[in-house]
Structures are given as structure tokens and as C-alpha cells.
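> My questions concern the predicted model and sequence given below.
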Amino acid sequence: MEGSRMMPAAPAADAHTLAMLKELERKVLWLSTYMIHHANHEIDRGDGIKVGGHQASSASLATLMTALYFHVLRPEDRVAVKPHASPVFHAIQYLLGNQDVEKMQNFRGFSGVQSYPSRTKDKADVDFSTGSVGLGVAATGFASLVQDYIHAKSWRTSDWPKGRMIALMGDAEIDEGNIHEALLEYWKHGLKNCWWVVDYNRQSLDSVVSDRLFMKVAGLFENLGWKVILIKYGKLQEAAFREPGGERLRTWIADCPNQLYSALVFEGAGGWRRQLEGDFANDPEILALMAKRSDDELAQLMTNLGGHDMETILEAFASAPSDQPVCFIAYTIKGFGLPLAGHKDNHAGLMNKTQMQQFRALQGVNQGDEWDKFAGLKLPRQEIERFLTYVPFATKGKRTLTAPRIPVPPMPALETKGRASTQAGFGRILDEIARKGGPLADRILTTSADVTVSTNLGPWVNRRGLFSLESREDVFKERGLMSPQRWEMSPDGQHMELGIAEMNLFLMLATAGLSHAHHGERIIPIGTLYDPFISRGLDALNYACYQDARFMVVATPSGLTLAPEGGAHQSIATPLIGMAQDGLAAFEPAFVDELSVIMGWAFEYMQRDGPEESKAGWSREERGGSVYLRLTTRPIEQLPRQMTDELSENIISGGYWLRRPDPSTTLAIVYMGTLAPEAIEAAALLAENRGGIGVLAVTSADRLSAGWHAAERAREQGDANARAHIETLLAALPRDAAIITLCDGHPEALSWIGSVAGHRVRALGVEHFGQSGSIGELYAHYGLDAAAVLRAAEALTGRPVRYGLQR
Ligand SMILES: Cc1ncc(C[n+]2csc(CCOP(=O)(O)OP(=O)(O)O)c2C)c(N)n1
Ligand SMILES: [Mg+2]
């Protein structure tokens, strides 16, 4: 271990508070350790699967989290807790009266305390879900930027104060690239109210982290404007360093390889003495320093790292500056206070029953009193109760906020004659919203992963400006240089320009989409990126949905329609992602009037907050969620039509008959999105010798299929009248008719439609990619054009198609 000394001491807590916190720390360690033990040894869930839990990883953070939650934090501070310290978090919530003992007794069980803190599944006050390491950490910085955004606005209605956004992170989380991407982005936006507290136990899951690497990381933080505060040595160590020879002991600790240090921690009392007597054989001062101490005292001294010394921790937190982000590197021991301490394999290690008995006795907890809040504590119960009542963090009760819904006006009616693409339509709709103004327009926050202009957000940004805490004119405009883009920056701006990293885009959407819960102010976030790069940020997208953040993601261009722009970027899997991602309603409209209906619905859907489960049907319908629009730059001929209520409803439900089948119909073409012209052309050609060909327009395969599954579930549960939209649609198609599905994505996005009423299906879609070319060439090559539909029709029905296969 290397590194400089800690910051000069600032006033810590008084002696009484310190004594109380030390007692609570013991209780928190006990409860978290026992919670895991109980789940693994005391109950049988009947499936023979190990339950698990992380006693060592939890113990590593027990002191720091006790200090924070019982003394340092204020209600407005928001915390992302290291996933494996979930038991510590819940033990603390329990002591504060926010968690039920039954939930803790059911740790990792169905509807019990979750393995990792969960905003949606835990009933305690979780600020950020964690689990996929790195994401919760990086989310805190974005939440802080969102907080800055909100506090810069004149429309603010909540008086909820600004807080610190805090990550309690494992040291191995630094390995995740998304942390580094986030650090660069924060710097650009002048991040301030953010603390990252690194649980520097120098262990990950498999191994001991490589020596000295972390101090390079510390340099990285400093380079990017962070204050780095080391919480390295505890008070016992600092006192020993002042004894004769003590400085050499400090150097020894600093230079000790992490592997050796961990091994010595695990070996315990005798191990330290043997090692140090060998290393300091010729150093009478240190030998004397050791001789003064028993084996246990020596072990206590050598493991008295800053991250387990309450006083040191409180001083460090009190010394933090308020005008810059702070990274605390707290030296800790994985498994501190437990027999697992320091062992390199302790990540998933569990104490056995004998060890637990001994630990219980050591904590002064009698059998049967394991869940008692006060058992084994040395301070009087009333004093502890009084202290807990006045813990600053808990003074406002539950801290998950809500915000009123923003009314959604009718979407602009655009002139849609001639040819247009959905991407251009998206740009025009937003531009109109910006021009007209009003509450919805004011609450929209747009953001993009460096593709603002190429996803048609340009006109919106020209009207609404870029957000920045400092105002800056567009230099090109100032100098009279021509550009269609006016990039003026100010605190009034409503666009957050991000770098290319898609993880950052989704973390920004995740935190802006939680602003009602975190800051009591509603934002309507819209993020744009190229569709293929959904995969690049997919874990962060999943994370955003898991937290129940509310946002609109607009992914364009998509599929083969990228055409000459590069085969490598043709997205195939995204329609399936849209269907499979919980919490995300996916749409792929063909026409601009459809898009307008969908956006109007989406702004309202994003603000719903119904119960998580609803009995019948489609639970998300009441609950609301986020929305994914898969769009394209391909211009297609628009349909001259009036938007009716019925058509709007069908568009939102996922589809409608563009050309209704009749009782003689033998074939229907079911298309999604931009393949409308191919479907229409093929239907016209086929109709010449087959009569009525049905054409079904799918605007959302996701909602059609979810509705179908929901209706099936409802019927199975006794609601005989339940009927899905796709079932209603297909009732118009004779049972013997065949279906050809057509989408610019994986064919399985639509092929399931054959199972709804038992129609034969030939699913056309994209299973290979990588060729550049014109859209026509690519649709012909991959079998998505009208000729491919005709071939499929012939094969399916066994009847030759008169028009032959010209292509
Ligand atoms: C993205 C991701 N990859 C892998 C894992 C599995 N995993 C859980 S914890 C862990 C190591 C954690 O080490 P560290 O962050 O240092 O935590 P601590 O030592 O405090 O337990 C790994 C690899 C995960 N949760 N998330
Ligand atoms: Mg670690």
C-alpha cells in the first residue's frame, strides 16, 4: 500500500456520538452477517440451491455506512450502495425504522430483502438500484448533473434542497469502462455535488487487486477535477507511528504488498508478530513497540485501517470541500471483524455454524435475540432509541418523492404529403413542440450521444439551446459564419450534449428519468442514438428500466435502411430487444402521422405511476414505463388520410389493417415500419390474381405480443372475455389464409403472429448483414422486397404467382 497522508483533521463528532456510532457499527455488522447466515442456514427454501450473500463484502463497508447513515448524510443526499453491501443497507434501514424484520428474515427470498438494493423491489428507501457493478456508481454523477439542471430552471416548483449524490463502491468497480466514460463526461459538465467512497479492500471476486494500480486511478480523479481524500490509517496506527520507530512501521505498511497484507490479516494475531519480528529483526525500536502489545493488540493495530476507524472516517467526511466532486479512498479489510477477514477467497465465503455461534457470543447476543435491535449493545436502550430518533438522515421520513404530471397537449398536426421519413418527422414534431411552447415543451430535456444533428434534433436545439451552467454564445454565429446549427449554451438550455459513449446516454436518461423521485421535479427526457448502438449501452438501458426511470429513446437510423452508410451498422436484433426489454414499450412506425400519435401517447405513458401488478391484462398499461422508437431516414410515400380516434387507438395498441381481408382472402402481408412500400407493392401485385390480400400494419410488435400474452393469462385466470388486440385483428382473417411477415430486423419479431390463431407463416426478415448498397439492392439481396414476398406467397400457397419473379 502506498499513498500520501490523509487530510488535516476537521472537527469530528463529540465523544458521546462517537461511542454511539461504534455501538451501532457493531449492531449493523451483526445484523448484516446474521441476515445472510439465517438465509443460508436457518431456513430451507426447498430447491437445494445455495442462497448466498456476501458477509465479507458487507463487513468491509459496515463502519463507513454506519458513519454515513447515522451521522453524515442528510435526507436530500442520495446514495448508490455497493451491491454486495445490501444487507448492511437494510440493517441500517431496520434500525431507523424503515425495514421490517420479516423482510430481513426473508433475505434473498421471494418479496424479501433483495440480494442487491433495488428501487423497485425493495420497499425500503433505495435511491439507486445497484447490481451490475459500475452502473450505480456512474449514475450518481449523472444524477448530480440532473440536479444542477433542475436547480437552474425557473419552473422549479419543489423546495427539496440540493443534496450530495454518493456512490459507495467496490474497488473492483473501477475496472468497468463505463466508470471512466462517465468521469470524462462529468468533467465537461462541471460536476460538483458528488462523492464516491471507494471501499478499498484491495480484493475483487477472484483476486487481490494489483499493487499500486489504484494510486494511478487516484491520479486520474485528480486530473479530472476531483478532490481525492485518502482514509488510510486509523487512530491506533497514527498513534503508533508517533512512537519511536513508528515512521518505519508506517513505511512498512505502505510498502506491504496487498497479497501479503491480506494473508496476514487472515492469519491473525500470531502471524503478524512472526512476520514483523522477521522484517524488523535489527530494529530495536520497532521490536519494543511490538513488545508493548499482546498478539491481539498487535493484530488490532495492524488492521486498524482508516476505513474501519470511526473517528478517522468522520474527520475525512468533515474535511470534504463542497465545490468539487470528492473521491474518498477508504482502506478497508474485506471481512473485517469476521473470521473470513482478508482471505482472498472470501467474496462468497460464508461463516459456518460454529463460527457464527462464536461471533454471536462475542457480540453479546443471546440465542433468540438475534433480530433484537438492542441486544448486546453496551449503551442504555433509551439512549440509543433517542439517538436513532434524531438521526438527521431520517428526519424527513421516506425520501422517495413524486411530482405532478405535466399535461400533454395534442401533438402538432403535420402536413404529410409526399415522401417523408420517420426520423425527419421526429425532428419536425419536436420543432413544433418547441415553437408552440408550454409546460410540456419546457419540461422536455433532450440528450444525445454525439448524434444530435444527424438524428434531427438540430431544430429543437436551435430553438431551445444547450444546457450549461455558464452562458456562452455560439462562436460561429458571433463571427457571422453560416451554419444551420445555433449552439448557444446557457442555464436555460434544454439539450445536454454528451460524448459518443452510449452507456453515458442511458445513464443520463436513467437519472433524468428519475428526477421526479430524486428531486421532486418532473423532466421528460428524450435521448437519441443510432439504433445499432443500443447494444453498446444495453446494460445501462436495462439498468434504467430496472430502476423504473421514465424516458423516450429514439434510435435512428435502423436496420438495412442505413444502406450505403455502412453494412457493419445495420441493426438486426433491436426489434427483439424492444420486445424483450421489460419496462420499455417499443414502436416502429412507418408513417409520420403514426409517429405523432405515438409520441403524444408516450409523453403521457412516461408519467403514469400505477401499481406494479395489476390483476388482469397488461400490467404496464396502468403502471406506465419508458418508450423506444425505432426510426429510419428512409423517405417513404405518406398516406393521405385523416387520423381518427379508432386509428390512433390501433396505432398505440400495436397495429391495424391497412387493407382489410375479406372472407375470400387467402393471404395477408403483415409488415412493420419502413417496409410498408414493399408490403403495399406486393399486395397490389398479388391482388391481381388472388383477390383480397390483407395488409396488416404493425406499429408495435412489442405491444401486440405483450397484449396477447396478457389476454391468455387473463383467460387462464378466469376472465373469459379477455381479448388481445392482435386476436381481434386476426379474427378478420380466414383461418386457412397464410401470412407473410416482413420486417427490417430479425424475422422472429413478427413470426409469432402465426401462433395467435393458427395461421401458417413465412417470416421474412434479416438474418445476415454487413453489405453496403442502396436500400433497393439490399432489400433484394436479403429477400425483403416485393419479389421476395411473391416468392414466399408462391411457396406458401403452392400456387404460382402470375407476375413471376422479375428480380
Ligand atoms: C457487470 C458485473 N460483472 C460481474 C459481476 C459479478 N461480481 C459481483 S461482485 C464482483 C467483484 C466485486 O469486487 P469489489 O467491487 O472490489 O467489491 P468487494 O471487494 O467490496 O466485494 C464481481 C465480479 C457483477 N455484479 N456485475
Ligand atoms: Mg474489493
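That came through, no problem. Only a predicted model underlies this, so the values are computations on that prediction, with no experimental measurement involved. Ligands and ions are numbered 1, 2, ... in the order given.
> Please identify the buried residues of stretch 100-112?
By 16 or more other Cβ atoms under 10 Å, the buried positions in stretch 100-112 come out as Asp100, Lys103, Met104, Gln105, Asn106, Phe107, Arg108, Gly112. For the C-beta atoms, the positions are set from N, CA and C on the backbone; glycine is no exception.
> Excluding chain neighbours, what is closest to the fifth one?
Ranked by Cβ to Cβ, 6 or more residues apart in numbering and with sequence neighbours excluded, the top spatial neighbour of Asn106 is Gly112, at 2.7 Å.
> got a list of what that neighbour touches?
By Cβ atoms under 8 Å, 6 or more residues apart in numbering, the contact set of Gly112 is Glu102, Lys103, Met104, Gln105, Asn106.
> Which parts of the stretch 351-500 of the chain are strands?
Ranges of strands in the stretch 351-500 of the chain, per DSSP state E, counting those that start in this stretch, are 419-420, 444-449, 466-467, 489-490, 495-498.
> Who are the packing partners of the second one?
Secondary-structure packing of strand 444-449 (3 or more Cβ pairs under 8 Å, 6 or more residues apart in numbering; DSSP states H and E): helix 422-436, helix 458-464, strand 495-498, helix 502-512, strand 524-529.
> tell me the average confidence for that strand?
Mean per-residue pLDDT for strand 444-449: 97.
> need the residues of the stretch 701-807 of the chain near ligand 2, please.
The stretch 701-807 of the chain comes close to ligand 2 at no residue, as judged by Cβ under 5 Å from the ion.
> In the stretch 701-807 of the chain, what residue comes closest to ligand 2?
Residue nearest to ligand 2 within the stretch 701-807 of the chain (Cβ to the ion): Asp702, separated by 38.9 Å.
> Next one: the residue nearest to that residue when sequence neighbours are not counted from Leu576, what distance?
Computed as Cβ to Cβ, 6+ apart, the closest residue to Asp702 that is not its neighbour in sequence is Ala586, at 4.0 Å. Using Cβ to Cβ, to the nearest Å, Ala586 is found at 9 Å from Leu576.
> who's more crowded, the two?
A direct count of neighbours by other Cβ atoms under 10 Å for Ala586 and Leu576 places Ala586 higher, at 26 against 16.
> would JSON lines of the contacts of Gly112 with pLDDT and secondary structure be doable?
Below are the contacts of Gly112 laid out as JSON lines (pLDDT from 0 to 100; DSSP: H, G, I helix; E, B strand; the rest coil):
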{"residue": "Glu102", "pLDDT": "96", "secondary structure": "helix"}
{"residue": "Lys103", "pLDDT": "95", "secondary structure": "helix"}
{"residue": "Met104", "pLDDT": "95", "secondary structure": "helix"}
{"residue": "Gln105", "pLDDT": "95", "secondary structure": "helix"}
{"residue": "Asn106", "pLDDT": "93", "secondary structure": "coil"}
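> follow-up on the earlier one: so what's the residue count around the residue of the stretch 701-807 of the chain closest to ligand 2?
Using other Cβ under 10 Å, Asp702 has 25 other residues around it.
> was I right about it contacting Leu576?
No. In this structure, Asp702 is not within contact of Leu576 by Cβ atoms under 8 Å, at 9.6 Å.
> Gly52 belongs to a strand, doesn't it?
No. Checked against DSSP: H, G, I helix; E, B strand; the rest coil, Gly52 lies outside a strand; its state is coil.
> What lies in contact with stretch 177-188?
Stretch 177-188 is contacted from outside by 134-135, 137-138, 141-142, 145, 173, 194, 220-221, 224-225, 325, 498-499, 501, 503-504, 507, 540, using Cβ under 8 Å, 6+ apart.
> Generate a PyMOL selection restricted to the buried entries among the residues you listed.
With 16+ other Cβ under 10 Å as the criterion, this PyMOL line picks the buried residues out of the contacts of stretch 177-188:
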select buried, resi 134+135+137+138+141+142+145+173+194+220+221+224+325+498+501+503+504+507+540
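> and the residue of the stretch 701-807 of the chain closest to ligand 2, what element?
Using DSSP states H and E, Asp702 sits in helix 701-716.
> Give me the contacts around that helix.
For helix 701-716, contacts defined as Cβ under 8 Å, 6+ apart pick out 575, 578-579, 584-588, 616-620, 652-655, 672, 698, 722-727, 743, 749-750, 752-753, 756.
> again, but for stretch 557-577
By Cβ under 8 Å, 6+ apart, the residues outside stretch 557-577 that reach it are 423, 530-532, 534-535, 538, 555, 586, 588, 630-634, 672-674, 701, 743-746, 748-749, 765-767, 769-775, 777-779, 782, 784.
> Could you do stretch 468-480 as well?
For stretch 468-480, contacts defined as Cβ under 8 Å, 6+ apart pick out 148, 152, 189-190, 482-483, 485-491, 493.
> Could you pull out the buried residues of it?
By 16+ other Cβ under 10 Å, the buried positions in stretch 468-480 come out as Ser468, Leu469, Asp474.
> Can you give me the distance of Arg293 to Glu311?
Arg293 is 20 Å from Glu311, where distance means Cβ to Cβ.
> What pLDDT does the model give Asn689?
Listed pLDDT for Asn689 reads 68.
> for the chain, longest helix please?
Ranked by number of residues, the top helix in the chain under DSSP state H is helix 15-37.
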